[in-house]
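**Student:** Have a look at this fold, sequence not included:
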């Protein structure tokens with residue numbers, strides 16, 4: 001005989017109803033929560049971010065910065081790749097203290113999306129010319145295959161759009177709560193060892209989903225990647241959705257489906273759904289996953305609005321079931337996991353033969369920092385030595401395609417003359433940096449210049465070091481430079497020096513990795529270094545690694561087992 005449940009007191013029941021009313025769920029549209037629960041959701045409901053382009057062209061570019069509505073300035077303009085940049089002279093200690101309008105400069109960062117990393121020399125030349133004419137020469141290569149300008153005036157934006165779009169480029173949904181750039185293998189269609197070329201799927205996804213009002217109001221950003229390379233070269237583990245090339249024993253080449261990856265302050269690696277997807281079906285599956293995110297994604301709290309939180313709560317089995325039952329209306333084919341990637345580096349640097357007998361040549365600037373003049377010169381070199389095709393990579397690098405064997409030596413010499421290394425040191429090759437305090441309103445410390453100087457120092461101090469190594473430098477906790485999955489990840493923050501002064505420095509993460517042995521780096525308790533101490537610290541740790549490593553041992557493996565004292 002079951003016990004009769006105790007009836008709650010009337011006051012307790014009222015309190016429970018009040019709490020439930022205040023909570024109103026997670027803001028998921030699919031369960032009826034359409035009332036905006038924060039300011040971002042409200043401005044998106046008030047007007048689609050895609051609509052701000054008309055105001056930029058007809059009002060803001062005519063009347064100037066002061067005419068811009070605040071919800072457009074710090075919200076909807078991101079739908080067209082525009083962020084206000086940091087006002088010069090504001091130190092990192094004020095980043096979290098000042099109001100947005102106090103941090104805003106009257107200039108913008110403008111992001112050009114380069115889906116699949118594919119560029120022509122004509123496009124690159126235009127990117128370089130825009131940089132020189134409108135962006136004070138700035139044009140950084142990002143770790144999402146894009147190019148970012150700084151110092152952009154609102155008055156110049158319509159003309160910049162006209163020039164970009166005339167050569168087939170766009171800033172549409174390069175930022176904002178939207179489907180961002182689609183990463184693709186930078187050697188798609190040309191690599192000798194390619195499993196499958198994902199380019200047709202990237203093109204179809206762009207056609208169907210980018211700039212589509214049905215998918216222009218997502219809970220947060222949506223990052224995607226498609227690669228048929230066995231090198232696993234698009235960081236699929238940290239994207240919201242990723243299609244990874246695999247060979248199915250019955251159905252042939254296709255893609256393994258991953259969802260729910262992302263870093264920032266709550267990092268999570270993507271999970272396999274165990275499903276094999278044909279090239280033709282990739283756009284439909286992409287549409288299903290982005291539909292789940294739109295409809296079931298958490299909109300109540302911005303810090304829980306990424307797809308990774310929904311995937312973590314549901315688990316891969318439920319996520320796949322909802323995808324199949326509610327969105328695809330069919331069952332997906334079970335499929336194999338990707339194979340362990342060949343080699344250690346995934347950036348395609350150096351000289352490599354293509355499947356057509358020609359060669360591609362990958363090269364490295366320092367921490368993705370280039371300028372408009374350099375980009376136009378790269379375009380000239382690619383025109384003279386190749387077919388007019390280039391690619392950007394997910395590692396802040398670039399590749400010239402279709403180079404005849406007799407042209408390789410001349411191209412390499414031309415790139416080297418621009419300080420673009422085809423055979424760089426491990427430090428040049430493996431160091432990545434985000435925008436940092438120079439332009440970013442979220443940053444606390446400098447990154448780009450510090451990363452470049454660190455490369456020079458390490459090359460001078462330990463020139464014999466030749467092991468693969470990643471050093472990722474981030475100006476704040478948001479992990480745009482992937483600090484948690486680097487061999488040495490450096491998260492910018494203010495620290496105390498030996499004299500008790502507050503100075504720029506970094507919290508250190510050690511032993512992170514991507515690949516099929518992906519994992520997050522460890523944090524040694526209390527391990528922080530000042531910016532001034534950084535070269536000494538990295539030299540010290542790498543020297544200990546050289547002394548203690550076992551045969552063939554990677555830095556990440558050593559850092560996982562090393563004693564705390566050897567890492568400090």
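**Tutor:** Happy to help now that I have it. Every value quoted in this text rests on a predicted model; they were computed, and no experiment measured them.
**Student:** wouldn't residue 328 be in contact with residue 288 here?
**Tutor:** Yes. Using Cβ atoms under 8 Å, residue 328 is in contact with residue 288, at 5.1 Å. To be clear about C-beta, it is placed using only N, CA and C from the backbone, and glycine gets the same treatment.
**Student:** and residue 141, what does it touch?
**Tutor:** Contact analysis of residue 141 by Cβ atoms under 8 Å, 6 or more residues apart in numbering lists 147, 365, 368-370, 392, 396-398.
**Student:** least trustworthy helix or strand in this protein by mean pLDDT?
**Tutor:** Every helix and strand of the chain was ranked by mean pLDDT, DSSP states H and E. The lowest is helix 10-23, at a mean of 43.
**Student:** Could you grab the helix/strand/coil label for the closest residue in space to residue 183 that isn't next to it in sequence?
**Tutor:** Leaving aside its sequence neighbours, residue 183 sits nearest to residue 225 (Cβ to Cβ, 6 or more residues apart in numbering; 3.8 Å). At residue 225, secondary structure determined by DSSP: H, G, I helix; E, B strand; the rest coil is strand.
**Student:** what's the pLDDT at residue 225?
**Tutor:** Looking at residue 225, its pLDDT is 98.
**Student:** With residue 7 instead?
**Tutor:** Note on residue 7: pLDDT of 38.
**Student:** Low-confidence regions, the chain specifically.
**Tutor:** 1-24, 516 (pLDDT under 70).
**Student:** how about the strands in the stretch 1-150 of the chain?
**Tutor:** Applying DSSP state E, counting those that start in this stretch to the stretch 1-150 of the chain gives strands spanning 82-86, 104-112, 118-120, 140-141, 147-152.
**Student:** Which of the ones you listed sits closest to residue 165?
**Tutor:** Closest approach to residue 165 among those is made by strand 104-112 (10.7 Å; Cβ to Cβ).
**Student:** packing partners for the closest one?
**Tutor:** Packing partners of strand 104-112 (3 or more Cβ pairs under 8 Å, 6 or more residues apart in numbering; DSSP states H and E): strand 82-86, strand 147-152, helix 157-166.
**Student:** Tabulate the ones you listed in a markdown table, adding columns for distance to residue 65 and mean neighbour count.
**Tutor:** What follows is the helices and strands packed on strand 104-112, written out as a markdown table (distance: least, Cβ to Cβ, whole Å; neighbours: other Cβ atoms under 10 Å):
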| stretch | distance to residue 65 | mean neighbour count |
| --- | --- | --- |
| strand 82-86 | 9 | 24 |
| strand 147-152 | 11 | 24 |
| helix 157-166 | 11 | 16 |
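**Student:** what about those, which gets the closest to residue 189?
**Tutor:** Checking these against residue 189 by Cβ to Cβ gives strand 147-152 as the closest, at 21.4 Å.
**Student:** Parallel or antiparallel, list what pairs with that closest one.
**Tutor:** strand 104-112 (antiparallel), strand 140-141 (antiparallel) (DSSP bridges).
**Student:** Need the residues that contact the first one.
**Tutor:** Read it as strand 104-112. Contacts with strand 104-112, where a contact means Cβ under 8 Å, 6+ apart, come from 65, 73-74, 77, 81-88, 127, 135, 142, 146-154, 157, 160, 164, 169-171, 174-175, 435, 439, 441.
**Student:** Name the residues of that strand that come out as buried.
**Tutor:** For strand 104-112, a neighbour-count test (16 or more other Cβ atoms under 10 Å) marks 104-105, 107-112 as buried.
**Student:** Please identify which of these is nearest to residue 267.
**Tutor:** residue 111 (22.8 Å).
**Student:** From residue 299, how far off is that closest one?
**Tutor:** Residue 111 is 24 Å from residue 299, where distance means Cβ to Cβ, to the nearest Å.
**Student:** nearest spatial neighbour of the spatially most central residue of the chain, skipping sequence neighbours?
**Tutor:** What sits nearest the mean C-alpha location of the chain, by Cα atoms, centre = their mean, is residue 144, with 4.4 Å. Closest residue to residue 144 apart from its sequence neighbours, by Cβ to Cβ, 6+ apart: residue 181 at 5.5 Å.
**Student:** just residue 457 next, same as before
**Tutor:** residue 535 (4.1 Å).
**Student:** Next, that neighbour: phi, psi?
**Tutor:** phi -60, psi -40 (degrees, to the nearest 10).
**Student:** Count the residues that sit near it.
**Tutor:** Residue 535 has 19 neighbours, counted by other Cβ atoms under 10 Å.
**Student:** And it, how far from residue 508?
**Tutor:** Taken as Cβ to Cβ, the span from residue 535 to residue 508 is 14 Å.
**Student:** Can I get the helices and strands packed on strand 104-112 in CSV including distance to residue 402?
**Tutor:** Shown next, in CSV, are those (distance: least, Cβ to Cβ, whole Å):
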stretch, distance to residue 402
strand 82-86, 34
strand 147-152, 21
helix 157-166, 24
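**Student:** among those, which is nearest residue 56?
**Tutor:** With Cβ to Cβ, the closest approach to residue 56 among the helices and strands packed on strand 104-112 belongs to helix 157-166: 5.8 Å.
**Student:** who's in contact with the helix or strand just after that closest one?
**Tutor:** For helix 157-166, the following helix or strand on the C-terminal side (DSSP states H and E) is strand 179-184. Contacts to strand 179-184, defined as Cβ under 8 Å, 6+ apart, come from residues 113-118, 144-146, 173-174, 198-199, 202, 205-206, 209-210, 215, 218, 221-227, 234-235, 239, 290, 394.
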